[in-house]
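J.: okay, here's the prediction I keep looking at, along with the sequence it came from:
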Amino acid sequence: MTAIQWSDGAPIYRQLKERVIAMMLDGVLKPGDALPSVRQVAAEYQLNPITVSRAYQELADEALVEKRRGLGMYVTEEAAKKLLITERERFLREEWPQVLERIQRLGLSLEQLMQAGRKNGQAGAP
């Protein structure tokens, strides 16, 4: 894992969980990969092991990781697919309405948005 800046806006276990999810979505952690041990993460980021365990338990409860007795926690085969579905739904429900409102407020057209996306190296419509 890379350096993490903890914010006061959310519990640390949730921030750690979101960081692991981001690593899964970015392909840094792939299906079958082992998560670093609770002790390793706790020591590296100076966290209470209970905090790390809580983040890992939530990931397990969502079937994104699985416990392998005596071996640790591993990313499940279906984690990436599940995450993509839930993160897309969350984006459309929570973030997109705010983005759309801002686009409308600024009077931006679809063509302007597509041009800006192409100019910034983002994939655009064919």
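T.: Happy to help now that I have it. Model, not experiment: these values are computed from the prediction.

J.: can I see the domain layout of the protein?
T.: Annotated domains of the chain cover 12-77, 84-119 [automatic domain parsing].

J.: return the most buried member of the ones you listed.
T.: Most buried of the domains of the chain by mean neighbour count (mean count of other CB atoms under 10 Å) is domain 12-77; its value is a mean of 16. C-beta here means a position set from N, CA and C on the backbone, and glycine is covered the same way.

J.: a markdown table for the domains of the chain, including mean pLDDT and distance to Gln5?
T.: Formatted as a markdown table, the domains of the chain follow (pLDDT from 0 to 100; distance: least, CB to CB, whole Å):
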| stretch | mean pLDDT | distance to Gln5 |
| --- | --- | --- |
| domain 12-77 | 94 | 9 |
| domain 84-119 | 92 | 21 |
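
J.: with adjacent residues omitted, what lies nearest to Leu64?
T.: Ala79 (4.5 Å; CB to CB, 6 or more residues apart in numbering).

J.: I'd guessed the one you found sits against Glu66; true?
T.: No: Ala79 is beyond contact range of Glu66, at 9.3 Å (criterion: CB atoms under 8 Å).

J.: spatially nearest residue to Glu62 (excluding sequence neighbours)?
T.: Nearest to Glu62 is Lys82, by CB to CB, 6+ apart, at 7.5 Å.
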